[in-house]
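Participant: next comes the sequence, and after it the predicted model I'd like to discuss.
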Amino acid sequence: MAGMRRTCGLFLFCLGAASAQTLYETVQLGTESARRTTRPVARGKRYAVSSMDPTATQAAEHVLRTGGNAFDAIVAGQAVLGLVAPAANGIGGDAVLLVHEGKSGQVFSVNAEGTAPKLATIEWYRKHHNGKLPVNDGLLSGTVPGVVDAWYMLLSRWGTMSFEQVLAPAIEMAENGFPAPDALARSIADAAKRFSKYPSSLKTYLAEGKAPGAGDLWKNPQLARTMRRLVEAERGAKPNGRIEALKAARDRFYKGDIAREMARFSEENGGLFRYQDFASYTAKVETPVWLDYRGYRVYKNPSASQGPAELFVLSLLREFDLQAMGHNSPEYVHNGIEAVKLGFADRDKYLGDMDFIQIPYEGLLSRDYARERLKLIDPAKASLDLRPGKPEGFVSGMAPLDRPLDVDQAGAADHDGDTSYIAVVDQDRNGISFTPSLHSGFGTNVVMAELGFSFNCRGDYFSLVERNANALAPGKRPRSTLQGTLVTRAGKFFGVMGSPGGDDQCLRTLQTFLNIVEFGMNPQQAIEAPRWSTRSFPASPFPHTMYPGEITVESRIPRSTREALARKGHKVRVAGPWSLGSNAAIIVDPESGVLSAGADPRADAYALAW
């Protein structure tokens, strides 16, 4: 009966029958006194979902409840997520995923980052665009969409359902309409001026001549038709078996009439995309990179992602006694910030697309290299410099790497970004971290023809500096801010977590992870705890501006801590009490097998478990 009351209460909560301010859970936090959270941790034995939108969470949960597995559910959930939050993600987006295969216990990385068009070269931008990359706007800032291929990989390799089944909720909502969430209404209104340059975007998002109000019925019939075309291709190939049918749907997007429409629209509107850019695209299943942190194996996507930078930071922090410092003490925040500066300096020098560059992970993750880097952290003084190391010196027989940096201190590049996130774990302990994105609000802002979606604008992450790890090249994937975290312990699945947030994503998952493993918090407590951040490293978008010494803390971090940090030389900015984060996490108790899911009250994130 108690379990039924808890489940019913959570259901009503997700439907909006109670507010976040009136629902509390009192929990014991290790040896600390009882601590409350604004939302209850969602617990269950069979499955759990957490995403950046309650409707997307419900769509994924519906698939689990009706017999699908985690891979089926996460495709359904993300398809809805792209519909209700089109400024942040969608069919035209890129993505990175981490997968725990319950049956084998193996962990995989799925790289669905977009590639640069084959016509996109550093020389082209020097000749035609004054040696600058367009930022957050226009087809020249885009890369090839990867999300549809990610869907195909999930369903064909691990799933059990068809495109027709998993896309049904998104198609129904797009055709028949749904009450516009507050965030959707705001994002369309904010983008109206940008949309005014693009007739196709006005037709999709401002069809009535104005942005929808919060709660107004909103539709995207163009997007519904695009998804129905995938389903039609699948139906036509059904006699050839499920896998061939799935491939037919995927190929219609990348090699069929949809690809030709995208290519034609691009050429007619000044873009560099051509049919072959779509036809040659493929997402990739890769071996993730990992670090052991006090018995927890932390996995990250290895290529074209900033994710491994979090491992560089953890490799430094595992040399400290963080518990003795105390959560969010001046010492804890200072050492965390200084470790981030060093880890992200190495991010900018060494991380990129492994099809084009070599990344010396053996050195970057070695304990000897970490101890050498730790000598640069002054416990009494904040660093103002960008200080990458030389990890190749810790790899036997490896020559020095000539990798020039690309850093600006006079521009105004933004460290933020519009991304989304969804995580699912099922009863077989298949676990998935899925980070889909358009990079910035509505990506390129250009809706492609009559297809109902825009491309991501990740192309503005490239560097135009030759030999830089992230230097632009045809067919190359930019080093994205997209990342997630998957954790195992003693060979068993422990959990997944992730967050939108541009360059700040790693800092958010880093703090969530440490809050759980160092300070004994459950996922909801770990997500809600006060946060800190820094922009004392180059921003990913062009022109890659760095703000030396700048840190930001939520105002819930004590004044005494903020003042102590300022005395160490940090340039402290104080943000709102609930402003730094949009996190989600699902953790498995190794003893009981109970799933605990958390979702960030700073955003529209919601979790469900059963």
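Facilitator: Perfect, I can see it now.

Participant: C-alpha only now, for contacts and for neighbours.
Facilitator: Fine.

Participant: roughly how far apart are the residue nearest the centre of the chain and Asp355?
Facilitator: Nearest residue to the geometric centre of the chain (C-alpha atoms, centre = their mean): Thr435, 3.5 Å. Counting by C-alpha to C-alpha, to the nearest Å, the gap from Thr435 to Asp355 is 21 Å.

Participant: what's the answer for Ile551, then?
Facilitator: 34 Å.

Participant: which one's the longest helix in the protein?
Facilitator: Longest helix of the chain, by residue count under DSSP state H: helix 330-350.

Participant: for it, what is the average pLDDT?
Facilitator: Mean pLDDT, helix 330-350: 98.

Participant: what helices or strands is it leaning on?
Facilitator: Secondary-structure packing of helix 330-350 (3 or more C-alpha pairs under 8 Å, 6 or more residues apart in numbering; DSSP states H and E): helix 308-317, helix 322-325, strand 532-534, helix 559-567.

Participant: redo those as CSV? Include distance to Val517 and mean pLDDT.
Facilitator: Shown next, in CSV, are those (distance: least, C-alpha to C-alpha, whole Å; pLDDT from 0 to 100):
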stretch, distance to Val517, mean pLDDT
helix 308-317, 12, 98
helix 322-325, 10, 98
strand 532-534, 18, 98
helix 559-567, 22, 98
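
Participant: nearest to Ala380, out of the ones you listed?
Facilitator: With C-alpha to C-alpha as the criterion, Ala380 lies closest to helix 559-567 of these, at 8.6 Å.

Participant: if we can go back for a sec, now what about the helix or strand following the longest helix of the chain, what contacts it?
Facilitator: Note on helix 330-350: by DSSP states H and E, the next helix or strand toward the C-terminus is helix 361-364. Helix 361-364 is contacted from outside by 312, 369-370, 391-395, using C-alpha atoms under 8 Å, 6 or more residues apart in numbering.

Participant: among these, which are in helices?
Facilitator: 312, 369-370.

Participant: convert the helix or strand hosting Val96 to CSV, retaining C-alpha atoms only.
Facilitator: Per DSSP H and E, Val96 falls inside strand 94-100. Taking Å, rounded to 0.1, in the frame of the first residue of the first chain, the C-alpha atoms of strand 94-100 are listed here in CSV:
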residue,chain,number,x,y,z
ASP,A,94,23.8,15.6,-33.2
ALA,A,95,24.2,13.3,-30.2
VAL,A,96,26.5,11.2,-28.0
LEU,A,97,25.3,8.1,-26.2
LEU,A,98,26.8,5.6,-23.7
VAL,A,99,25.3,2.2,-23.5
HIS,A,100,25.5,-0.6,-20.9
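
Participant: pLDDT of it, averaged?
Facilitator: Summarised as a single mean, pLDDT over strand 94-100 is 98.

Participant: neighbour-wise, which of Ile551 and Asp355 wins?
Facilitator: A direct count of neighbours by other C-alpha atoms under 10 Å for Ile551 and Asp355 places Ile551 higher, at 21 against 11.

Participant: in three-state terms, label that one for me.
Facilitator: Each residue gets one of three states, and Ile551 gets strand by DSSP: H, G, I helix; E, B strand; the rest coil.

Participant: from Ser582, how far out is it?
Facilitator: In terms of C-alpha to C-alpha, Ile551 sits 18 Å off from Ser582.

Participant: cool, Arg467 as well?
Facilitator: Noted for Arg467: a distance of 34 Å to Ser582, by C-alpha to C-alpha.

Participant: what about those two, which has more around it?
Facilitator: Ser582 (27 against 15).

Participant: isn't that one up against Ala603?
Facilitator: Yes. Counting by C-alpha atoms under 8 Å, Ala603 is a contact partner of Ser582 at 5.4 Å.

Participant: how many residues are close by the spatially closest residue to Val107 that is not a sequence neighbour?
Facilitator: Nearest residue to Val107, sequence neighbours excluded (C-alpha to C-alpha, 6 or more residues apart in numbering): His100, at 4.6 Å. When counting by other C-alpha under 10 Å, one arrives at 25 neighbours for His100.

Participant: so His100 sits against Gln106, correct?
Facilitator: Yes. The pair His100 / Gln106 is scored as a contact, 5.9 Å apart, by C-alpha under 8 Å.

Participant: show me the strands in the stretch 1-150 of the chain, by range?
Facilitator: Using DSSP state E, counting those that start in this stretch, the strands of the stretch 1-150 of the chain run over 25-27, 35-37, 42-44, 48-51, 94-100, 107-112.

Participant: pick the most buried one from those strands.
Facilitator: Counting by mean count of other C-alpha atoms under 10 Å, strand 48-51 has the highest mean neighbour count of the strands of the stretch 1-150 of the chain, with a mean of 34.

Participant: just give me the longest strand of the protein.
Facilitator: Looking across the chain with DSSP state E, the single longest strand is strand 431-439.

Participant: quick one: the nearest residue to Glu310 once chain neighbours are set aside from Ile587, how far?
Facilitator: Spatial nearest neighbour of Glu310, chain neighbours left out: Cys506 (5.6 Å); criterion: C-alpha to C-alpha, 6+ apart. Separation of Cys506 from Ile587 (C-alpha to C-alpha): 18 Å.

Participant: same question, Pro391
Facilitator: Computed as C-alpha to C-alpha, the Pro391 to Ile587 distance reads 33 Å.

Participant: quick one on the thing from earlier: who has more neighbours, Cys506 and Ile587?
Facilitator: Just comparing Cys506 and Ile587: by other C-alpha under 10 Å the higher neighbour count belongs to Cys506, 29 against 25.

Participant: what packs against the strand or helix carrying the more buried one?
Facilitator: When secondary structure is defined by DSSP H and E, Cys506 falls within helix 505-517. Judged by 3+ C-alpha pairs under 8 Å, 6+ apart, the packing partners of helix 505-517 are helix 308-317, strand 484-489, strand 492-498, helix 523-528.

Participant: again, 10 Å this time
Facilitator: Applying 3 or more C-alpha pairs under 10 Å, 6 or more residues apart in numbering; DSSP states H and E, one finds that helix 505-517 contacts helix 308-317, helix 330-350, strand 484-489, strand 492-498, helix 523-528, strand 532-534, strand 584-588.

Participant: of all these, which one is nearest Asp94?
Facilitator: Asp94 lies closest to strand 484-489 among these, at 13.6 Å (C-alpha to C-alpha).

Participant: quick one: the closest one to helix 308-317, angle?
Facilitator: In terms of direction (axes from the mean of the first three to the mean of the last three C-alpha atoms, to 10 degrees), strand 484-489 departs from helix 308-317 by 50 degrees.

Participant: walk me through which strands strand 484-489 pairs with, and which way each runs.
Facilitator: Strand pairing for strand 484-489, determined by DSSP bridges: strand 296-300 (antiparallel), strand 492-498 (antiparallel).

Participant: what is the rounded mean pLDDT of it?
Facilitator: The pLDDT scores in strand 484-489 average 98.
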